[in-house]
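In: coords please:
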Amino acid sequence: MHHVEVFILVAGAVLVAAACRRRGWPAPLVVVGAALVVSFLPFIPRFEVDSDVLLEFVLPPLLYSAALSSSYRDFRASLNSITRLGVGLVLVSALAVAAVFWWLEPAAPFAVALVLGAVVAPPDAVAASAVGRRLGLPRRVMTLLSGESLINDATSLTLYKVALAGVATGAWALGDGLATFGIAVLVGVAVGLALGWVVHKVRMHLDDPVVASAIGLMTPFAAYWAAEELLGSGVLAVVTAGLYLGHTSPRAGYATRLYEGPLWSTLDILLESFTFALIGLQLPWVVRDVIASDQGLAHGIVLSVAVLATAVLVRPLYVFATAKFDHLRMRGSHRPEHDSLSARESAVVSWAGMRGVVTLAAAAAIPATIDGKPFTDRATIQLAAYVVAIGTLLLQGLTLPWVITRLKVGSGAEIADDAAQEAAMRVATADAVQRVLEDQRPEWTSIMGEEKAEKAISRLSTIWRGRAAAAAVMLDPENAEDHLPDDLDATESVHGLGPAGRPATGQLPGVEEASRAQRLRRDIVAAQREVLMERRDAGELDETVMRRMLRELDLEDESLSSSWVERIEG
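Out: Residues are numbered from 1 along each chain as shown. Take a look at the predicted model:
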């Protein structure tokens, strides 16, 4: 593909995706459909992308972005369920699809059938997660879907490479495949953890968010390529590094977090739009290749429909057949007994099997030749993969909202629990503010005198405690008194100050006084942030609530950096 063609393709795909986001339409389907229509124009050339480009340059940042936004704590709590689907279901789905392909194509080597099985096995949770967030799926379901999508990519792509190696050598052994998979997992996790630790240490010593974000952009590629060079799973290295850095990001600079969020969201829409548009443009050419093959189009369509039916049916059968394994506790899993999925939640998970970017990218990345020999079944495998991806997006993607609504699977209890957690945390952070004020009492006394220092500290203490009381009343009015210490009245209110503890009215203070107040506010923000991380690490605060409150503190820090005092001192 010429660079101008790539730019036009990406620009058109992003425009279509933007229109879909504005109107609430399923962007992947519409982008594929629009590209498919465009592909029939007589002046549109055949778009071919090198197989390494999609796997090495498109997938790593997409997976890394998803891992960054995932909760390590929730991931660990649901480790057994995630492994059950992310590894077990992928292997079962791949073998079932391979068996169907082999039954319809008995002359093909089993390794060829396994290539198709590995390509169509991993569901993509992007669409399901978007629907789930909009309709309020319980957090344990969202965690399972997102965690599964991170792990199953590593499983399927490792199996994919093992199968391609089998096609190249003409032989495939189960023992060799398991050994390759085991090495890939161990090396991938080790590389991801090592690189994540190094990147975190480097970013902790950086005060330049632009440089820190640039390092973040390079991280998924470094993790992927390093692991692949060491015969590990590049995908698993990317996911591991993303989970580690996402968990430790609250200890890095606030500016880096504010920079990276929009950056990764922008990159996601660019890469996803490009991939789906590429598939729409390639589909007619794949159909032509199938027509020109020995099997013909009719056989290709029958095989594709059979594979689609297999992929759709295997998931609910496996989910319900293995549901009891959720009651087992794997080493490292800390999910409580009562937190297993209900039958209705399992039904939603079983129907959230839409294939997406990984399936499409792996299908497009199938090489035309292996060791100098043509891959004769490439077109048939690609057609089946595209039919599965588009078919599941149509069948399951469009009906998943109806299934969730019909089964009445919601997160009402979690919303109330989050509100109660936040109310308690507002009080805990107010206590942290009080400790900061007491620590600075000697300095204030030496500068202002004992009487004025006492009045200032008393007033600020009243302000922050009043804010905590007001938050408790608003967030959890029925249990507000339970969150507050005995000496704090839930009816206490804030007078005379704005939301950040600044004077709501009055004259602009002098530079020296304002600078002192600004340093105090920075100490207060730092103390509050530390409380959030301590409570999260102790398992007393959910990651979602922590990140919501952390963003408030980050924005407060940003406002301090852009204040007139900061500019004068700079």
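In: residues in contact with the nearest residue to residue 418 once chain neighbours are set aside?
Out: Nearest residue to residue 418, sequence neighbours excluded (CB to CB, 6 or more residues apart in numbering): residue 545, at 5.2 Å. (C-beta placed from N, C-alpha, C; glycine too.) Residue 545 sits next to 418, 421-422, 425 when contact means CB atoms under 8 Å, 6 or more residues apart in numbering.
In: cool, residue 377 as well?
Out: 105, 108, 112.
In: most neighbours out of those, which is it?
Out: Highest neighbour count within the contacts of residue 377: residue 112, with 25 neighbours (other CB atoms under 10 Å).
In: right, and it touches residue 384 too?
Out: No: judged on CB atoms under 8 Å, residue 112 makes no contact with residue 384 at a distance of 11.6 Å.
In: looking at the contacts of residue 377, which are in strands?
Out: Using DSSP state E, no member of these sits in strands.
In: for those residues, give me JSON lines that also has distance to residue 168 and pLDDT.
Out: Formatted as JSON lines, the contacts of residue 377 follow (distance: CB to CB, whole Å; pLDDT from 0 to 100):
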{"residue": "105", "distance to residue 168": "19", "pLDDT": "91"}
{"residue": "108", "distance to residue 168": "15", "pLDDT": "87"}
{"residue": "112", "distance to residue 168": "11", "pLDDT": "91"}
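In: mind putting those residues into TSV with distance to residue 282?
Out: Formatted as TSV, those follow (distance: CB to CB, whole Å):
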residue	distance to residue 282
105	22
108	22
112	20
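In: and those, which is closest to residue 517?
Out: Taking CB to CB as the measure, residue 517 lies nearest residue 112 of the contacts of residue 377, at 70.5 Å.
In: residues contacting that closest one?
Out: Neighbouring residues of residue 112 by CB under 8 Å, 6+ apart: 101, 105, 163, 167, 377, 381.
In: just give me the least confident of these.
Out: Among the contacts of residue 112, residue 167 carries the weakest pLDDT, at 83.
In: which parts of the strand or helix carrying it are buried?
Out: Secondary-structure element containing residue 167, defined by DSSP states H and E: helix 139-169. Neighbour counts using 16 or more other CB atoms under 10 Å place 139-167 of helix 139-169 among the buried residues.
In: ranges for the strands of the stretch 301-450 of the chain?
Out: 369-370, 373-374 (DSSP state E, counting those that start in this stretch).
In: quick check: mean pLDDT of the last one?
Out: Okay, so that is strand 373-374. 82.
In: ok so, going back, closest to residue 12 among the contacts of residue 545?
Out: Looking across these and measuring by CB to CB, the closest to residue 12 is residue 418, at 40.1 Å.
In: my guess is that closest one contacts residue 542. True?
Out: Yes: Residue 418 lies in contact with residue 542 (CB under 8 Å); the separation is 6.5 Å.
In: shaky segments in the stretch 201-350 of the chain?
Out: Applying pLDDT under 70 to the stretch 201-350 of the chain flags residues 327-339.
In: before we move on, what about the chain?
Out: Scanning the chain for pLDDT under 70 picks out 1-2, 51, 125-128, 130-131, 171-176, 327-339, 411-412, 479-514, 562-570.
In: can you confirm residue 530 is in a helix?
Out: Yes: looking at residue 530 with DSSP: H, G, I helix; E, B strand; the rest coil, it is inside a helix.
In: shift numbering so it begins at 36
Out: I'll keep to 36 as the first residue from here, and by that count the last item is residue 565.
In: hmm, it is touching residue 468, no?
Out: No: in this structure, residue 565 is not within contact of residue 468 by CB under 8 Å, at 11.6 Å.
In: the two: which has the busier surroundings?
Out: residue 468 (25 against 14).
In: how far away is that one from residue 217?
Out: From residue 468 over to residue 217 the distance is 51 Å, taken as CB to CB, to the nearest Å.
In: for this structure, which residue occupies the most central location?
Out: Nearest to the geometric centre of the chain sits residue 101, at 2.3 Å (CA atoms, centre = their mean).
In: any figure for the gap between the closest residue to that one other than its chain neighbours and residue 232?
Out: Nearest non-adjacent residue to residue 101, counting by CB to CB, 6+ apart: residue 185, 6.3 Å away. Computed as CB to CB, the residue 185 to residue 232 distance reads 19 Å.
In: kindly report the same for residue 41.
Out: Going from residue 41 to residue 232 by CB to CB gives 35 Å.
In: check residue 360 too.
Out: As judged by CB to CB, residue 360 and residue 232 stand 32 Å apart.
In: go on, residue 132?
Out: In terms of CB to CB, residue 132 sits 38 Å off from residue 232.
In: more neighbours, the two?
Out: residue 132 (27 against 14).
In: hmm, that one is touching residue 151, no?
Out: Yes: with contact defined as CB under 8 Å, residue 132 and residue 151 form a contacting pair (6.0 Å).
In: residue contacts, the residue nearest to residue 101?
Out: Going by CB under 8 Å, 6+ apart, the list of residues near residue 185 reads 98, 101-102, 105, 121, 274, 278.
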